[in-house]
Structures are given as structure tokens and as C-alpha cells.
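K.L.:
Need a 3D model of the sequence below.
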Amino acid sequence: MADDMAATGAAGPRLLLNAQPFGFGPPAATAALARELAPLCGELAYFGGGHTLDLQHRPPYHAVYGTTGLSDGERLAWLRRLAPRYDLFVTAMDFEEAALARRAGLDVAVYDALTWFWPEIPAVAGDAALYIAQDFFGVRERIAADPALRRNSVIVPPIVPRLPARQVWRPERPGDGRRRHVLLNLGGLQNPYWEPSDAAAYARLMLDAVQAAQPAGRSVVVTTSRGVTAALGAPKAQTDARRDVRADVPTDIRTDVPTDIRTDDRDTVLDLMSGAAYACMTPGLGNIYDAAATGVPTLWLPSANETHHLQARLLSEHGFCDARLDWPDVGGPADYDVPASSPSAVPEALTRAIVAVIHRLSDPRGLSGLRDRLADAVAKSTAGLGLAPGRAQALTERFGHGGTEEAATALVRWAGANSRRPPH
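P.N.:
Below is the predicted model of the structure:
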């Protein structure tokens, strides 16, 4: 069902945005693009479902078309009705939805943060009007070697802004006043390869371990999706203008470690990073680049999907990692080095291995030693954090920042030159 504002009638291109419902990276990137695009567009709308809607709001959109639970055929029919109203369908990494939009008659642009990763980039990327690739290790080399992508590609810096001084992390000083919190950022847990209960079990393990590693009186702030927030807390929820969901603190956690479990917009998350003593985060690329932007020292947590492991490993190999843990460190295994030709080299197989480890660690029947190992590993890995800015900060020196503006400029330029609007 659509959530519409009155038509603006303003000049400018008409864009329909979308994000892949996999983790928080794609919807966060789309939300950032929407804020940049809104003043430049005659009409700006969002088309998508699931947890991506946690971050898509009106404004900056004129309309939000929620597609949760709709079949491919129903979404295709809706896109066909919408096609005459929009100049361009812009998706953050939902290649299947891009193909559906093409079938509906829409021109398509793809923003891709994982150009470096895909074993094979989906064909719709080469057919798109624009393929906007976020820079990372190996991206420029891959596009240079692919004639189809060279034709329509724009490489942009990471979608992180240059932050004001108040959002840049600085070490905690004894005279600063109130003691800083530890941030547990569990963005990116929701994906189609595991059940919501598996995401919640992962979140509970990490929360227990991070709490156990804290001295009495040090608070923990948890930011994650609405679904995981609800699973971690009691059923009551509160809302305000900047915080979408806040869970009551469960009764089974340490009472001497104050804990706040919540869902936040990206600007608030950046504030939480810059104001933290240090952060413990899932190693999604969005979190990695936000750590780079703020400079917060970070422990990268065990992987929740196949890209997490590879990204954390790349950070470590290139010297941009403060500390990291993965499942083999706490009673794995999770086999990350399966040959690409193997039948088990698929996301579902790796996810099953990760879920098996999570269930072993979560089992209340006699495996408390493994949970203690996780808590001890967190404590040891974070013991030296907070004394100096995080090493990920150097990523912005290598790959830059301000990709939101460059991506928006490319989209508006293309849409303006190829508008479906009839001439006056």
C-alpha cells in the first residue's frame, strides 16, 4: 500500500528508489541517496518491503510503496502501473527487482557496494542505464576488465560524508564527565538465508558476550533492526522523532551494565559511534565505512554472512583492522575456504554452518564453556581499544568519501537527459 504526499509539481527528474532486503547496507545507502536526491527531484518515491522500510520515511520521499508479502507477479503489475510516472528505477543491489523493473518498462540504475565480491555480476547490471560501483579493493580493476560494465559504469567513493568535528571520535579523557558507552552495532543481521530466530540468537550471543566483558557501570548501547530489537527486548516499544524503536531491557542481563536496545537512523548511529568508548560491530561494508568516517576503534564481530568474513579479512590484510573475531576463534568451524566449484560454496551452505555454531553456543545444556570462551575473546580483543582512533579511518584516505553526492549527480544527470516527461 502506498503512503503518498501530494504531488509536488516541481521540475526535476522523477526517481523510484529500491533496496535489497539483505542486511542494513543497501537500505541505509538508499536512505542516504534519498536525502541527497530529494531537493533535486520533481518526484521521489520508494518501492520495497521487509526490513528495508525501517529506514525509508516520508519525507524525503513523496511516496513509499510498501511491497512486503507481495508476489513477483503482483510487484510486476504494480511496477507497470508506476512506470509512466518515473524516469528511472534506482536500486541498491536488488538485481532481481531491477530485472522486474526492466520487464515493467522502466529504465534502471544499480548502485552496488559489492562489485569487488560477486563471483559473477548479474547481467542486469550490464544492461542498466547506469551501474554505480562503490570503490573498494579490486573494484577499478574489475570494471576495467569488463567491457559491458565499462560502458555504463560510474565509480564513486564510499557513501559516507565528511563529518563535522562533533561526529569524529576522540579518546575518552578522565575529565570528560559522564562515562562513555560501548556501542554494539548489530546492523545487517536480517537476510533471506536464515530465519529471524537465527538472527535473534546471534544478537543475544553477542550482547551477552559484550556485557560480560564490561566493568561495572559501563553502559552498552545496542542498535539494530526493529525485528532484532523486538526479539532482544520485552514487547513494549517506544518511539520518538529520531529513534524508531526502543526495547525494554530484558530481565536476564547484568543489572550493573546499563543497556539500551534500539533502532536508529543513520545520523543517530554516527553520533553513537563518535560518542562511544569503542564499538563492537558486524563487519558489513556500511558499518566498515561508517567506522572509517567516525574513526571509532572497533572490534569486528563473527560473520553473519559470507561477505562479512571476506570484508573483515581484507581489512586485516591491508592494516585497517583494530581487532576481529570469527567463529573458528570461539568453537567453530565455519568453512570459509570452500572452492568456488564445490556444491557447498553457496551462501545457504555457509549460513547453515554459521547457524550450527550459533546454536551450539546458545544451547543451555552444558555448553557454557563455549559461551565463556566468546565472552573472554571479546574482553581480550577490546582490552586495548579506546586509546587511539580506529585503523579503519585510513580507508577514507584510500577510497575517499562523498559518494552520495557523486552518485546523486550521476543519477540526476542521466534522468534529466532521458526524461519520459513530454516536452512543454
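
K.L.:
A32 - that's part of a helix, no?
P.N.:
Yes. Applying DSSP: H, G, I helix; E, B strand; the rest coil, one finds A32 inside a helix.

K.L.:
Am I right that it is in contact with D265?
P.N.:
No. Under the criterion of Cβ atoms under 8 Å, A32 makes no contact with D265, lying 10.3 Å away. For glycine as for every other residue, the C-beta is placed from the backbone atoms N, C-alpha and C.

K.L.:
Between the two, point out the one with more neighbours.
P.N.:
For A32 versus D265, neighbours defined as other Cβ atoms under 10 Å are more numerous around A32 (22 against 18).

K.L.:
From I132, how far out is V257?
P.N.:
Using Cβ to Cβ, to the nearest Å, one gets 42 Å for the distance from V257 to I132.

K.L.:
Of those two, which one has the most company?
P.N.:
When neighbours are counted by other Cβ under 10 Å, V257 and I132 differ, and I132 comes out ahead with 28 against 19.

K.L.:
Return the distance of the more buried one relative to L411.
P.N.:
In terms of Cβ to Cβ, I132 sits 8 Å off from L411.

K.L.:
cool, D329 as well?
P.N.:
42 Å.

K.L.:
who's more crowded, those two?
P.N.:
Neighbour count, other Cβ under 10 Å: between D329 and L411, L411 has more, with 27 against 13.

K.L.:
My reading is that the more buried one lies in a strand. Confirm?
P.N.:
No. L411 sits outside any strand when classified using three-state DSSP, being helix.

K.L.:
Does it touch Y131 like I think?
P.N.:
No. Using Cβ under 8 Å, L411 is not in contact with Y131; the gap is 11.7 Å.

K.L.:
any common contacting residues for the two?
P.N.:
Counting by Cβ atoms under 8 Å, 6 or more residues apart in numbering, the contacts common to L411 and Y131 are A109.

K.L.:
All the helices of the stretch 201-350 of the chain, residue numbers only.
P.N.:
For the stretch 201-350 of the chain, the helices defined by DSSP state H, counting those that start in this stretch cover 226-232, 266-274, 285-294, 306-317, 347-362.

K.L.:
Pick the most buried one from those.
P.N.:
Mean neighbour count (mean count of other Cβ atoms under 10 Å) peaks for helix 285-294 among these, with a mean of 26.

K.L.:
what's the average pLDDT for that helix?
P.N.:
When pLDDT is averaged over helix 285-294, the result is 94.

K.L.:
hmm, who's touching that helix?
P.N.:
Applying Cβ under 8 Å, 6+ apart, the contact partners of helix 285-294 are 23-25, 28-29, 113-114, 134, 136, 158-163, 167-169, 185, 187-188, 266, 269-270, 273-274, 279, 281, 298, 307, 311, 315, 320, 390, 392-396, 401.

K.L.:
and stretch 355-363, how far out from the chain's middle?
P.N.:
Here the centre of stretch 355-363 is set off from its chain's centre by 24 Å, with Cα atoms, centre = their mean, to the nearest Å.

K.L.:
right, I mislabeled it, should have said stretch 144-152
P.N.:
For stretch 144-152 - counting by Cα atoms, centre = their mean - the centre lies 26 Å from the chain centre.

K.L.:
Check stretch 151-163 too.
P.N.:
16 Å.

K.L.:
what about that stretch, start to end distance?
P.N.:
Stretch 151-163 has its terminal residues 33 Å apart, counting by Cα to Cα, to the nearest Å.

K.L.:
what's near enough to touch R150?
P.N.:
R150 neighbours (Cβ under 8 Å, 6+ apart): I143, A144.

K.L.:
any idea how far L301 is from it?
P.N.:
The value you get for R150 to L301, if Cβ to Cβ is used, is 37 Å.

K.L.:
now Y289
P.N.:
Relative to L301, Y289 is positioned 16 Å away (criterion: Cβ to Cβ).

K.L.:
One more: R35?
P.N.:
28 Å.

K.L.:
quick one: which of these two has more around it?
P.N.:
Taking other Cβ under 10 Å, R35 and L301 do not tie; L301 has more neighbours (28 against 16).

K.L.:
Touching, that one and H309? I think so.
P.N.:
No. Counting by Cβ under 8 Å, L301 stays clear of H309, with 11.0 Å between them.

K.L.:
and for I132 and L411, which residues touch both?
P.N.:
Common neighbours of I132 and L411, counting by Cβ under 8 Å, 6+ apart, are A109.

K.L.:
Report the separation between the two terminal residues of stretch 213-225.
P.N.:
Span of stretch 213-225 from end to end, Cα to Cα: 23 Å.

K.L.:
In it, which residues are buried?
P.N.:
A213, Q214, R218, V220, V221, V222, T223, T224, S225 (16 or more other Cβ atoms under 10 Å).

K.L.:
of all the residues you listed, which two lie farthest apart?
P.N.:
Maximum pairwise distance among the buried residues of stretch 213-225 (Cβ to Cβ): 24.5 Å, between R218 and S225.

K.L.:
can you pull the pLDDT of D265?
P.N.:
Confidence score, pLDDT, at D265: 86.

K.L.:
Can you give me the distance of it to L285?
P.N.:
19 Å.

K.L.:
which sections of the stretch 101-250 of the chain are below the confidence cut-off?
P.N.:
Along the stretch 101-250 of the chain, the model assigns pLDDT under 70 to residues 174-177, 234-250.

K.L.:
which residues in it form strands?
P.N.:
Secondary structure of the stretch 101-250 of the chain by DSSP state E, counting those that start in this stretch: the strands cover 108-112, 130-134, 153-156, 182-185, 220-223, 237-238, 243-247.

K.L.:
Next, format these as a markdown table and append distance to T68.
P.N.:
Below are the strands of the stretch 101-250 of the chain laid out as a markdown table (distance: least, Cβ to Cβ, whole Å):
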| stretch | distance to T68 |
| --- | --- |
| strand 108-112 | 22 |
| strand 130-134 | 26 |
| strand 153-156 | 30 |
| strand 182-185 | 25 |
| strand 220-223 | 22 |
| strand 237-238 | 19 |
| strand 243-247 | 16 |
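
K.L.:
among those strands, which is nearest P196?
P.N.:
Of the strands of the stretch 101-250 of the chain, the one closest to P196 (Cβ to Cβ) turns out to be strand 243-247, at 14.7 Å.

K.L.:
wait, isn't V228 in contact with G187?
P.N.:
No. The pair V228 / G187 is not scored as a contact, 9.3 Å apart, by Cβ under 8 Å.
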